[in-house]
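Visitor: The amino acid sequence is not available; the structure is as follows:
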């Protein structure tokens, strides 16, 4: 969807819209999106040089994420220009470079100021980055919640981890499920284990298996053995396994689990003396 959107914008000569669309496609894991974003960067240079701070911010982000170290001076130039113009995305990118010492001497205090300005301007990733730097745990969690509500799925998973560390299990489980529903596989595994073990809620084997099935649908098989072990323990019957498959949108996984559980477990190898 983002690739098509970007191609239409490029065909119309709107390279700002095209660049943003290609960056979104790349963020979803598409190599083609990254390649097209780099191509769009060349078209953004005249806009940035002509005074478009938005183009400068986008150009800096593309070079930082999708080019090698030789592009750091260029990324720094445009990020600083966009930040000085008050563009939240530019403040966030320049802040990131300062925080990590990328092409510039590290300055975490200035980075925090830039992240705060970006967050105040509505940039969700600025809020997420600031949450990693502030010393007040409650402020950090507020920033993570704001970032998550702004669309940063990772922020929800990190917030769940923070809440778990404070033994606020019910809230933590809620955020794990929130992130899991949005495709974060680590949060899926955490939610599955918590539902199995009864952290943050009463034990719910259907929800546990549901999230392990969902992990599998996302290409992560780490929960398969956990699902088999839970089913073999008698914690749920065939009807419940099928319900887990329905909730996950993977009925075939449910049938495969039922077949596995119905089959006798392999005998351990015998030792020959």
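Guide: Thanks, I have the structure now. Small disclaimer: the values here were computed from a predicted structure and weren't measured.

Visitor: buried sites along the helix or strand encompassing residue 146?
Guide: Under the criterion of DSSP states H and E, residue 146 resides in helix 137-149. Buried residues in helix 137-149, counted by 16 or more other Cβ atoms under 10 Å: 140-141, 143-148. From N, CA and C alone the C-beta is placed, and that goes for glycine too.

Visitor: Turn those residues into JSON lines, including pLDDT and distance to residue 73.
Guide: JSON lines is the format used below for the buried residues of helix 137-149 (pLDDT from 0 to 100; distance: Cβ to Cβ, whole Å):
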{"residue": "140", "pLDDT": "96", "distance to residue 73": "32"}
{"residue": "141", "pLDDT": "97", "distance to residue 73": "36"}
{"residue": "143", "pLDDT": "98", "distance to residue 73": "30"}
{"residue": "144", "pLDDT": "98", "distance to residue 73": "32"}
{"residue": "145", "pLDDT": "97", "distance to residue 73": "36"}
{"residue": "146", "pLDDT": "97", "distance to residue 73": "32"}
{"residue": "147", "pLDDT": "98", "distance to residue 73": "29"}
{"residue": "148", "pLDDT": "97", "distance to residue 73": "34"}
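
Visitor: Which members of these are the farthest-apart pair?
Guide: Greatest spatial distance among the buried residues of helix 137-149 (Cβ to Cβ): 140 and 148, at 12.6 Å.

Visitor: avg pLDDT for the helix or strand where residue 41 lies?
Guide: Applying DSSP H and E as the criterion places residue 41 in helix 31-49. Averaged over helix 31-49, pLDDT sits at 93.

Visitor: other SSEs contacting it?
Guide: helix 2-11, helix 15-27, helix 53-66 (3 or more Cβ pairs under 8 Å, 6 or more residues apart in numbering; DSSP states H and E).

Visitor: ok, now with 10 Å
Guide: Packing partners of helix 31-49 (3 or more Cβ pairs under 10 Å, 6 or more residues apart in numbering; DSSP states H and E): helix 2-11, helix 15-27, helix 53-66, helix 72-84.
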